[in-house]
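Visitor: I need the structure of the sequence given here:
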Amino acid sequence: MTPGPSVVRAPAPHRAVAAVGSVVVGYFVARLLLHVTALPPEVAYGVCLAIALYLAYRAWQARIDLTPETARVHNTLATTKVHRHDIRRVREDGSIEWHQGAARATRLPSEALRCPWWAFGQGARDYRHNRERLRSWHRVAR
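Guide: Below is the predicted model of the structure:
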């Protein structure tokens, strides 16, 4: 029996601000669409609200799932699965450097590893802990 995945997340207040920010940006995009196009207000607000709520949910759920073989990086816009043996290092800037086959190194930024600019350094200790947790998970594989 294998243990369940270990989860690395950003602090809850940071995820909450990112989620609320997505809804605010969605509102302003709807306002912009109303000024630029001839869409009915119900359509513009409805579509932008649906997309903004989806992005807010994704921002709240941003995490890294560490399973025995892979790391699934869930960011607001995309989810990427990286095999443990492909990871080269976890960078201090909050990105994972990995090689896919014989290709060049790829840097994958993660919201769970990088303190956002608007936090002004608050919670930096949590992000350092997250990066070290990912590094230790990677070292165990070797």
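
Visitor: for the most centrally placed residue in the chain, which non-adjacent residue is closest in space?
Guide: Relative to the mean C-alpha position of the chain, the nearest C-alpha, by CA atoms, centre = their mean, is the one of Asn75, at 2.3 Å. Leaving out its chain neighbours, the residue that sits closest to Asn75 by CB to CB, 6 or more residues apart in numbering is Glu111, at 5.2 Å. (Each C-beta comes from the backbone N, C-alpha and C, glycine too.)

Visitor: isn't that neighbour right up against Ala62?
Guide: Yes - taking CB atoms under 8 Å as the definition, Glu111 is a contact partner of Ala62 at 4.3 Å.

Visitor: how far off centre is stretch 79-89?
Guide: 15 Å (CA atoms, centre = their mean, to the nearest Å).

Visitor: what does Tyr27 show for phi and psi?
Guide: Listed backbone geometry of Tyr27 is phi -60, psi -50, with angles given as degrees, to the nearest 10.
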